[in-house]
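[1] no FASTA, just this:
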C-alpha cells in the first residue's frame with residue numbers, strides 16, 4: 001500500500017510543539033522538545049509513519065518528500081474562518 005497524491009497543491013498544516021509557561025517540570029519539558037526536534041527523535045517519529053520535519057531525513061515513502069510536493073501552508077489566521085467553513089460544509093452536504 002502506498003500514498004497517492006490526489007490534490008495539487010496539498011494544503012499543509014504545521015504541528016506545533018510548545019512548553020506551558022508554568023510547567024511543573026520545565027527542564028524535563030525542554031529536554032523532551034530537544035529530543036523530539038533532534039535527528040534521533042525525528043527517526044522515532046518516522047517509525048510511527050509521521051513525516052520528519054528535518055531536511056536531513058527522508059520520509060518513509062519517497063512520494064511524501066516535501067521537496068517533491070507542491071505544498072500550500074495553511075495560515076494560522078485561517079482558524080478565524082472555521083465557523084464560516086463549517087456552515088458552508090453543512091449547507092453543501094445538507095447536514096443539520
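    Perfect, I can see it now. Predicted model only: the values in this text are computed from it and were never measured.
[2] what is the mean pLDDT for the one helix or strand residue 86 maps to?
    Element membership of residue 86, judged by DSSP states H and E, is helix 82-92. Helix 82-92 comes out with an average pLDDT of 93.
[3] distance check, residue 82 against residue 13.
    Residue 82 is 13 Å from residue 13, where distance means CB to CB, to the nearest Å. Backbone N, C-alpha and C define where each C-beta goes, glycine included.
[4] now residue 58
    Between residue 58 and residue 13 the distance, using CB to CB, works out to 21 Å.
[5] all the strands of this structure, residue numbers only.
    Using DSSP state E, the strands of the chain run over residues 10-12, 71-73.
[6] save those strands as TSV, and put in mean pLDDT and distance to residue 54 too.
    As requested, the strands of the chain are arranged in TSV below (pLDDT from 0 to 100; distance: least, CB to CB, whole Å):
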stretch	mean pLDDT	distance to residue 54
strand 10-12	85	16
strand 71-73	89	16
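[7] before we move on, the earlier item: packing partners of the helix holding residue 86?
    Under the contact criterion of 3 or more CB pairs under 8 Å, 6 or more residues apart in numbering; DSSP states H and E, helix 82-92 touches no helix or strand at all.
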